[in-house]
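>>> this is a predicted model, with the sequence first.
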Amino acid sequence: MGNSRNMAICEMQQLKTRTNLIGLTREQLAERLAEIGTPSDKIRMRVDQIWTWIYVRGARRFADMTNLAKTYRVQLDQTCRLEVPQCIQKEISGDGTRKYLFRLNGGHEVETVYIPEPDRGTVCLSSQVGCTLNCSFCHTGTQAFVRNLVPEEIIGQFMAVRDDLGEWPLPGRNPKSEQRLASNIVLMGMGEPLYNFDNVRDAMQIAMDGKGISLSRRRITLSTAGVVPGIHRTGEEIGCRLAISLHGTTDEIRSKLVPINRKWGLDELLDALRNYPRLSNADRITFEYAMIRDINDSDQDAHRLVNLLRNIPAKVNLIPFNRWPGTQFERSSPERIRKFAGIVFKAGYPSPVRTPRGEDIMAACGQLKSTSQRQRLRSGKVAVAS
Ligand code: SAH
């Protein structure tokens, strides 16, 4: 008696917990629509309609989905929800870079960055709260790992940035005909995406879906510190571009900067890259290399780097080290960086020096860290999101 009553209460509670449809794959969405009683011969069509509302129109209310019957909209509203992470703070840099702090369910926070450039706009997404890797020069590395983000939180960051940019098309406009503000994704925020593979894959599949956000796989770059088993899977199951946080040209130096190198050393990493399924001159691998004074920035390092990259279609992104409060490292001098870049370039590899963006708001590479453990900086630059 008591048991069946408990079960009934349990069922009622389940009904009350409405499923977030944002972040579900098409298959999961179909399953959910079946569960709420959508007739099976209508499911495909309903998935298409709802998908368009969510990912093309940016709808956040079932009531707005005017091509669905009113009773069905009410039914959806009672069983499902449409939610992206809540922006609790936004800072805009002098160079136009925007940094967002998002609060997730459960109260944890992650940072997301939007970087406008003349020919594109890149959204830098976080994949975990904190990180397990402890890279010695990375600010996120000083923060304890809390948890993996789920697909709704990963794609939700992108959607919330589009909300802020006012980028959802107005009804009747062709979404593909306009130049996009948020045209590219880099998985280079907080966390190691390949330690959260399935969730990152599902979120990127949503971003690439041709009837939704519709980003080409070439506009997505996943950055890894070198989780070797995940590299092949990335090529097979996501097909996006790859960036590798290299930073050191010997196992000794790299292990000090990127400790995961002790698990998968340079030889193993480079082997995996040579076998990356998507590798070609059009789809080069980007090697990220933070220029840290007297640690990894000598001419000898540059020559070793070029040797390592032999036979890999590659591009080297030189990132002047971004300082953060408490770091022991210094940025290499501009002359040193120029000389280093020259050696790499002469060997046939593009070697752009990445201009630090959003430095004034601590939004540059490797500076992301949620404010939960950092004193909130209140200054004239800080605008609290409304
Ligand atoms: N875990 C993934 C994703 C983080 S991406 C990875 O390691 O690739 C963030 C990029 O910024 C990485 O290349 C990281 O090595 C780099 N980075 C971290 N701290 C930095 C700093 N202080 N200055 C410059 N680059 C930094």
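In hand now; what should we look at?
>>> so who does H232 touch?
272, 275-277 (C-beta atoms under 8 Å, 6 or more residues apart in numbering). (Each C-beta comes from the backbone N, C-alpha and C, glycine too.)
>>> can we see that at 7 Å?
With contact taken as C-beta atoms under 7 Å, 6 or more residues apart in numbering, H232 is in contact with 272, 275, 277.
>>> one more: E236?
P277.
>>> phi, psi of it?
phi -70, psi -40 (degrees, to the nearest 10).
>>> restricted to helices, list the contacts of H232.
A272 (DSSP state H).
>>> so which of the contacts of H232 comes closest to the ligand?
Proximity of the contacts of H232 to the ligand was ranked by C-beta to the nearest ligand atom; the top entry is A272 with 14.4 Å.
>>> ok, the closest one to L194 distance?
Applying C-beta to C-beta, to the nearest Å, the value for A272 to L194 is 11 Å.
>>> how about the strands in the stretch 1-150 of the chain?
19-20, 80-81, 86-92, 98-103, 109-117, 120-124, 128-129, 147-148 (DSSP state E, counting those that start in this stretch).
>>> in the fourth one, which residues are buried?
Judged by neighbour count using 16 or more other C-beta atoms under 10 Å, the buried positions of strand 98-103 are 98-103.
>>> for that strand, packing partners?
Packing contacts for strand 98-103, counted by 3 or more C-beta pairs under 7 Å, 6 or more residues apart in numbering; DSSP states H and E, involve strand 86-92, strand 109-117, helix 151-165.
>>> nearest to the ligand, of those?
That would be, of the helices and strands packed on strand 98-103 and by C-beta to the nearest ligand atom, strand 109-117, which comes in at 10.5 Å.
>>> rounded mean pLDDT for stretch 166-179, please.
For stretch 166-179, the mean pLDDT works out to 67.
>>> can you give me the end-to-end distance of it?
13 Å (C-alpha to C-alpha, to the nearest Å).
>>> thinking again about what came up before, so for G141, which of the helices and strands packed on strand 98-103 sits nearest?
Nearest to G141, of all the helices and strands packed on strand 98-103, is strand 109-117, at 14.2 Å by C-beta to C-beta.
>>> how about stretch 27-38 as PDB, C-alpha atoms only?
Only the C-alpha atoms of stretch 27-38 are listed here, as PDB (Å, rounded to 0.1, in the frame of the first residue of the first chain):
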ATOM      1  CA  GLU A  27      16.900  10.700 -31.700                       C
ATOM      2  CA  GLN A  28      16.600  11.700 -28.100                       C
ATOM      3  CA  LEU A  29      14.100  14.400 -29.000                       C
ATOM      4  CA  ALA A  30      12.000  11.800 -31.000                       C
ATOM      5  CA  GLU A  31      12.100   9.500 -27.900                       C
ATOM      6  CA  ARG A  32      10.900  12.300 -25.600                       C
ATOM      7  CA  LEU A  33       8.100  13.300 -28.000                       C
ATOM      8  CA  ALA A  34       7.000   9.600 -28.100                       C
ATOM      9  CA  GLU A  35       7.000   9.500 -24.300                       C
ATOM     10  CA  ILE A  36       4.600  12.400 -24.100                       C
ATOM     11  CA  GLY A  37       2.200  10.700 -26.500                       C
ATOM     12  CA  THR A  38       3.000  12.200 -29.900                       C
END
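>>> residues contacting that stretch, please?
Against stretch 27-38 from outside (C-beta under 7 Å, 6+ apart): 19, 21, 24, 40, 43, 46-47, 50, 75, 79-80.
>>> and which of those residues is nearest to M204?
L24 (14.2 Å).
>>> quick one: the closest one from the ligand, how far?
25 Å (C-beta to the nearest ligand atom, to the nearest Å).
>>> neighbours around that residue, how many?
By other C-beta atoms under 10 Å, the residues close to L24 number 24.
>>> from the ligand, how far out is the closest residue to it other than its chain neighbours?
Excluding the flanking residues, the one nearest L24 by C-beta to C-beta, 6 or more residues apart in numbering is R32, at 6.5 Å. According to C-beta to the nearest ligand atom, R32 stands 31 Å off from the ligand.
>>> kindly report the same for F137.
5 Å.
>>> hmm, which of the contacts of H232 are the buried ones?
Buried among those (16+ other C-beta under 10 Å): A272.
>>> now the contacts of H232 as CSV including distance to G239?
Below are the contacts of H232 laid out as CSV (distance: C-beta to C-beta, whole Å):
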residue, distance to G239
A272, 16
N275, 15
P277, 8
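>>> need the contact list for F197.
Contacts of F197 (C-beta under 7 Å, 6+ apart): 230, 233.
>>> now with 6 Å?
G230 (C-beta atoms under 6 Å, 6 or more residues apart in numbering).
>>> that one and the ligand, how far apart?
For F197 relative to the ligand (C-beta to the nearest ligand atom), the value is 13 Å.
>>> just to revisit the earlier point, between the buried residues of strand 98-103, which is closest to P229?
F102 (29.2 Å).
>>> just grab the bridge partners of I319 for me.
A290 (DSSP bridges).
>>> quick one: pLDDT of it?
Looking at I319, the pLDDT reads 95.
>>> my guess is it contacts F287. True?
No: using C-beta atoms under 6 Å, I319 is not in contact with F287, being 10.6 Å away.
>>> P151: neighbour count?
Neighbours of P151 using other C-beta under 10 Å come to 23.
>>> try E152
25.
>>> just give the nearest non-adjacent residue to it, would you?
G23 (2.7 Å).
>>> who are the contact partners of the one you found?
151-152, 155.
>>> hang on, the earlier thing: how about the buried residues of strand 98-103 in JSON lines, adding distance to G141?
Below are the buried residues of strand 98-103 laid out as JSON lines (distance: C-beta to C-beta, whole Å):
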{"residue": "R98", "distance to G141": "24"}
{"residue": "K99", "distance to G141": "18"}
{"residue": "Y100", "distance to G141": "21"}
{"residue": "L101", "distance to G141": "19"}
{"residue": "F102", "distance to G141": "20"}
{"residue": "R103", "distance to G141": "22"}
